[in-house]
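Novice: Predicted structure and sequence below. I'll ask about it afterward.
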Amino acid sequence: MSAEKTPVENLTEEQAAAELAFLAAEIARHDELYHGHDAPEISDADYDALKRRNDAVEKRFPQLVRADSPSIRVGAAPLPTFAPITHSRPMLSLDNTFSDEDVRDFVGSVYRFLGQLPDGSIAFTAEPKIDGLSMSIRYEQGRLVSAATRGDGTTGENVTENIRTIKEIPDRLPAGAPDIVEVRGEVYMRKSDFLALNEQMAAEGKQTYVNPRNTAAGSLRQLDPKVTASRNLKFFAYAWGEMSEMPADTQMGMVEKFGEWGFPVNPLMRRLHSVEDIIAHYKDIGLQRPDLDYEIDGVVYKVDRLDLQARLGFRSRSPRWATAHKFPAEQAFTHVEKIDIQVGRTGALTPVARLTPVTVGGVVVTNATLHNEDYIKGIGNSGERIREEEHDIRIGDTVIVQRAGDVIPQVLDVVMEKRPADAVPYEFPRKCPVCGSHAVREKNEKTGKLDSVTRCTGGFVCRAQAVEHLKHFVSRNAFDIEGLGSKQIDFFFESEDPALQVRTAPDIFTLKKRQEESPLTKLENIDGFGKVSVKKLFDAIDSRREISLNRFIYALGIRHVGETNAKLLARAYGTYEAFVTAMKEAADFSGDAWDELNNIEGIGEIVARAIVEFFKEPRNIKVIDDLVGELKDGTPMPAEQATASNSPVAGKTVVFTGSLEKFTRDEAKARAESLGAKVAGSVSKKTDYVVAGPGAGSKLDKARELGVQVMDEDEWLAFIGG
Ligand SMILES: NC(=O)c1ccc[n+]([C@@H]2O[C@H](COP(=O)([O-])OP(=O)(O)OC[C@H]3O[C@@H](n4cnc5c(N)ncnc54)[C@H](O)[C@@H]3O)[C@@H](O)[C@H]2O)c1
Ligand SMILES: [Zn+2]
């Protein structure tokens, strides 16, 4: 879909054709979901953007307009569930306008089309665009005989029995009404009814609805009219189909007539002349929008005189005499009831505002992400202010929420006038709410600033992260346990059976024993496992009780510690014991152990911090101790190279000093490391050997002072075996 991003003017004809084909299929799919199943997958704003893109491409390449172009189609084909009804006159859609400029263009185009009419002489009606579903209701001799949805504009669904259950829709017209009357308008659900229905659905443990429009459509298209009847649907009349006689000669007059006949009509409809008045009314309706008990998504403008409407006529899918001026993504006011912390799979603590439910742009919003600690304070990712000082988000605050691009609702700002006197700044937790481990913000190496994300350090024990960690633990470059894939981990993790459950790494190694001791749950009887595969699995697990230190470290899934760093650490410390002891000693980020960790070539400060934070968490230590206890000899094997060479220097710390003659400093270091030694830059009590060439100075003195064994180059070579 990268072509989508290419500016229309840069598209080649070939690209344009391909994109139009894609858009036709994609828009048809969304139409089907939205109109056919009342279950849209994307927001209206995103849908409208697809449509606009299609229009723009077609405008530049008119020769490419497809027979199935969304610009000439309306809605979606009726569902076969209902009998089809062919409309006596098509039910069309409306053209859209999005800006004041578009409105001027629309009015201008009407004047141009009609010609010779003085400015200000054409009246337009302006009325809210109700977000429901359009309906055509037919009366013959004053009696309701049928009702149909719009469908694809030509054929709709017969929903007569369901429409009859709507109390607001008269069953009979008063005497004097024409013989044939088709009243068209919008069936909708009130916001308050929608919220109440959803509450009830939730209380009954049923799936709740997304928004009033889809709920209204779903409620109407029920096979059982009793369900429709229970939903308290409403109606506004604003248009008509076939009429045996016209009772008025203006749009306004017609709607007034509908009102007289007993149909609900919208009280906000006005007749206006100038673009300025039209736009002012649009703004006024926009202001009233949050307080209306029904969803509207714009204001519809129509040429008032019906003779002029007739002259203007229709395009393929919409009248030339009308347009819908859409509202931008909606904002709404609501309260922050509380702030919860969610822990992601990587351990990130994300604050979420729990809001008093409110509909925003047609969708009920109950949560908004607050991203991180700084965002709550009003500080952006680069340290910039995103809200005014003091506009930090507090529990109890009234806030403005917006669905921009309509994905995750955002809290835009705080209404300070409404802040309760006792509201206190939110205190971001320093502990993971899931596992209780301490949570930290990392420091950015380059900027020296704190990272905006707060992370749980209990990666190894935290339930929020555990599944991912376990999957990592058994993966190919870690413990590499065959037969224990992602699916199996999910299964064992979710199991509530003590004989099957795996929540932490050591559980993997106790599984066999627990199985043996449990007379009830036998893994081999569970779907997907069989006798043979269970034996294989337990063999695979047992074979991994012997594991190299670098794999072991990598398997812990410490942040920033990938395979390379795990190898560096394993090589530097040689043994598990040495490694863990050093990490514990480095807990306060100072002292010899901390310096040595930072001295390891390739290990930077961020990595070093992450490792120390990990080992600082007693919960991690507990699990690691359990894990190690399950291994052969109660420890991972010393670093890989060391075991290979059986060298006397494996795991030892060596310092080279003075000018070496038999080899370069780099060569000496590489050689020593390949034998499993750790090469350090300075002498400390941890140093095992100092290799001193001619001219050695202070390091040699220090070694003598500490009683460290000193060798010359030849002795060293003999020691390591030539
Ligand atoms: N999210 C999705 O996947 C998806 C898919 C398809 C359509 N949609 C949304 O549906 C709408 C497009 O559907 P559309 O083709 O029905 O166009 P439309 O809803 O923009 O406009 C036409 C409709 O407006 C309605 N309407 C309400 N009040 C009216 C009034 N006072 N006067 C005249 N008509 C009035 C009528 O039902 C008419 O059919 C857009 O809002 C679009 O975003 C969304
Ligand atoms: Zn945690």
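Specialist: Nice, thanks for sending it over. Ligands and ions are numbered 1, 2, ... in the order given.
Novice: now residue 100: how far from ligand 1?
Specialist: Using C-beta to the nearest ligand atom, to the nearest Å, we find residue 100 at a distance of 19 Å from ligand 1. (Glycine included, C-beta is placed from N, CA and C.)
Novice: got the contact list for that residue?
Specialist: Shown in contact with residue 100 (C-beta atoms under 8 Å, 6 or more residues apart in numbering): residue 279.
Novice: Check the gap between it and ligand 2 for me.
Specialist: 51 Å (C-beta to the ion, to the nearest Å).
Novice: mind listing what residue 336 touches?
Specialist: Contacts of residue 336 were listed using C-beta under 8 Å, 6+ apart, and they are 353, 354, 355, 393, 394, 395, 396, 397, 399, 411.
Novice: any idea which element it lies in?
Specialist: Under the criterion of DSSP states H and E, residue 336 resides in strand 331-343.
Novice: Provide the strand pairings for that strand, with the direction of each partner.
Specialist: Sheet pairing here is set by DSSP bridges, and for strand 331-343 it gives strand 348-360 (antiparallel), strand 398-402 (antiparallel).
Novice: then it to PDB, C-alphas only?
Specialist: Extracted in PDB, the C-alpha atoms of strand 331-343 (Å, rounded to 0.1, in the frame of the first residue of the first chain):
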ATOM      1  CA  GLN A 331     -13.900  16.100  21.100                       C
ATOM      2  CA  ALA A 332     -15.800  15.700  24.300                       C
ATOM      3  CA  PHE A 333     -15.500  16.500  28.000                       C
ATOM      4  CA  THR A 334     -15.500  13.900  30.600                       C
ATOM      5  CA  HIS A 335     -14.000  12.900  34.000                       C
ATOM      6  CA  VAL A 336     -10.900  11.000  34.900                       C
ATOM      7  CA  GLU A 337     -12.300   8.400  37.400                       C
ATOM      8  CA  LYS A 338      -9.000   6.700  38.000                       C
ATOM      9  CA  ILE A 339      -5.600   6.000  36.500                       C
ATOM     10  CA  ASP A 340      -4.600   2.400  36.000                       C
ATOM     11  CA  ILE A 341      -1.200   1.100  35.100                       C
ATOM     12  CA  GLN A 342      -0.900  -1.500  32.400                       C
ATOM     13  CA  VAL A 343       2.200  -3.600  32.100                       C
END
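Novice: for the strands paired with strand 331-343, which one sits closest to ligand 2?
Specialist: Within the strands paired with strand 331-343, the stretch nearest ligand 2 is strand 348-360; the backing value is 8.3 Å (C-beta to the ion).
Novice: buried ones in the closest one?
Specialist: Residues 348, 349, 350, 351, 352, 353, 355, 358, 359, 360 are the ones in strand 348-360 that count as buried (16 or more other C-beta atoms under 10 Å).
Novice: again with stretch 459-474
Specialist: 459-462, 464-474.
Novice: One more: stretch 45-59?
Specialist: Under 16+ other C-beta under 10 Å, the buried positions of stretch 45-59 are 45, 47, 50, 53, 54, 55, 57, 58.
Novice: From the residues you listed, pick the one nearest ligand 2.
Specialist: Top of the list for closeness to ligand 2, among the buried residues of stretch 45-59 and by C-beta to the ion, is residue 45 at 36.2 Å.
Novice: Would you confirm that the closest one belongs to a strand?
Specialist: No: checked against DSSP: H, G, I helix; E, B strand; the rest coil, residue 45 lies outside a strand; its state is helix.
Novice: what is the closest residue to ligand 2 within the stretch 251-400 of the chain paired to in the beta sheet?
Specialist: Residue nearest to ligand 2 within the stretch 251-400 of the chain: residue 343 (5.4 Å; C-beta to the ion). Assessed by DSSP bridges, residue 343 has beta-bridge partners residue 349.
Novice: That one: neighbouring residues, count only.
Specialist: Residue 343 has 22 neighbouring residues, counting by other C-beta atoms under 10 Å.
Novice: now residue 299
Specialist: Neighbour count for residue 299, taken as other C-beta under 10 Å: 29.
Novice: sorry, back to before: so which pair among the buried residues of stretch 459-474 is furthest apart in space?
Specialist: Across those, the longest distance by C-beta to C-beta is 18.7 Å; it joins 464 and 474.
Novice: Find the nearest non-adjacent residue to the residue of the stretch 501-650 of the chain at minimum distance from ligand 2, please.
Specialist: Of all residues in the stretch 501-650 of the chain, residue 619 sits closest to ligand 2, at 8.5 Å by C-beta to the ion. Closest residue in space to residue 619, ignoring its immediate chain neighbours: residue 461 at 4.5 Å, by C-beta to C-beta, 6 or more residues apart in numbering.
Novice: Tell me if I'm right that that neighbour and residue 623 touch.
Specialist: Yes: between residue 461 and residue 623 a contact is recorded at 5.3 Å, counting by C-beta atoms under 8 Å.
Novice: before we move on, the earlier item: show me what contacts the residue of the stretch 251-400 of the chain closest to ligand 2?
Specialist: Residues near residue 343 by C-beta under 8 Å, 6+ apart: 349, 350, 432, 433, 434, 456, 462, 464, 465.
Novice: Among those, which ones are in helices?
Specialist: 464, 465 (DSSP state H).
Novice: which of the buried residues of stretch 459-474 are close to ligand 2?
Specialist: The overlap between these and the neighbours of ligand 2 (C-beta under 5 Å from the ion) comes to residue 462.
Novice: nearest to residue 300, of the buried residues of stretch 459-474?
Specialist: Among the buried residues of stretch 459-474, residue 464 lies closest to residue 300 (C-beta to C-beta), at 48.4 Å.
Novice: Let me know the pLDDT of the closest one.
Specialist: Per-residue pLDDT puts residue 464 at 87.
Novice: And residue 642, by the same measure?
Specialist: For residue 642, the pLDDT comes out at 43.
Novice: And for residue 234, the neighbour number?
Specialist: 21.
Novice: Do a quick rundown of the helices in the stretch 101-250 of the chain.
Specialist: 160-163, 191-203, 212-220, 225-230 (DSSP state H, counting those that start in this stretch).
Novice: For ligand 1, find the nearest of the ones you listed.
Specialist: Nearest to ligand 1, of all the helices of the stretch 101-250 of the chain, is helix 212-220, at 8.4 Å by C-beta to the nearest ligand atom.
Novice: tell me the two of the contacts of residue 343 that are most distant?
Specialist: 350 and 462, at 14.0 Å, using C-beta to C-beta across those.
Novice: And the average pLDDT for stretch 10-20 is what?
Specialist: The model assigns stretch 10-20 a mean pLDDT of 93.
Novice: Give the buried residues for it.
Specialist: Within stretch 10-20, the residues that count as buried by 16+ other C-beta under 10 Å are 11, 16, 17, 19, 20.
Novice: Which elements pack onto the helix or strand where the last one lies?
Specialist: In other words, residue 20. For residue 20, the host element (DSSP H and E) is helix 13-31. On a contact count with 3 or more C-beta pairs under 8 Å, 6 or more residues apart in numbering; DSSP states H and E, helix 13-31 meets helix 44-60.
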